[in-house]
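[1] coords below, sequence missing:
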């Protein structure tokens, strides 16, 4: 299985050939469930106080850096609406914090017990060449169809690497920087970000970037062979054959 998998990034797959290992499939779907929980709980946390500040302190008596035009779930937050949403901040914070650590653990398992990222998603030196970039733009590396469901182009590999090495560490860092217990143990984590309110604001924008990546990811799966890609991520096998 491992030998056959090594060729996935450069050649087509044959019927019955393993597409994704059990570790990749399990971590993918655990992460997918966690992302859904993070979106729901994170949205509820924002509704508790849809105002963002910069620095260490921020409250309703201070002018915000910016404010989302959303109703709040707390009557003390001025939003311009004449009603208050039900306050669900307690369970949402607990779910958000616990789910975040599950995602971190899942990611570690993925990297420790799978070669998928290093083999298929880690950018090569040629991916940063002018030819590779223009190839994406002109369609040479255009969106893959079902028969190409085992390969990733230069733009995809660069995008995945930015998510893994930039956005994910930053969203974790800014998240723990809002935890009083963690900050008490490692105060430099929040000092480097400019304060807890700065950490919250950065966390919000990084989360939006990850959400944008997720939307594009789902759209590309739908547009480039939904059945084949879903089959590969559920059963581990692809059912189409590419001419080589």
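    Done, it's in. The model shown is predicted, which means the values in this text are computed figures rather than measured ones.
[2] Residue 83 - that's part of a strand, no?
    No. Assessed with DSSP: H, G, I helix; E, B strand; the rest coil, residue 83 is coil; it does not lie in a strand.
[3] Tell me how many other residues crowd it.
    8 (other Cβ atoms under 10 Å). C-beta coordinates here come from the backbone N, C-alpha and C atoms, glycine included.
[4] is it true that it touches residue 71?
    Yes. Residue 83 is within contact range of residue 71, at 6.4 Å (criterion: Cβ atoms under 8 Å).
[5] Now do stretch 216-227: distance to the chain's middle.
    16 Å (Cα atoms, centre = their mean, to the nearest Å).
[6] Number the residues from 87 up from this point.
    From this message on, residue numbering opens at 87, which makes the last subject stretch 302-313.
[7] buried residues in that stretch?
    By neighbour count on 16 or more other Cβ atoms under 10 Å, the buried set for stretch 302-313 is 310-311.
[8] avg pLDDT for that stretch?
    Stretch 302-313 comes out with an average pLDDT of 89.
[9] Quickly note the distance from residue 164 to residue 172.
    Distance of residue 164 to residue 172, given as Cβ to Cβ, to the nearest Å: 18 Å.
[10] what about the residue nearest to residue 181 when sequence neighbours are not counted, which helix or strand?
    In space, and not counting its chain neighbours, residue 181 is closest to residue 127: 4.4 Å by Cβ to Cβ, 6 or more residues apart in numbering. Assigned by DSSP states H and E, residue 127 belongs to helix 108-134.
[11] tell me what that helix is packed against?
    Helix 108-134 sits against helix 175-199, helix 282-309, helix 312-320, with contacts defined as 3 or more Cβ pairs under 8 Å, 6 or more residues apart in numbering; DSSP states H and E.
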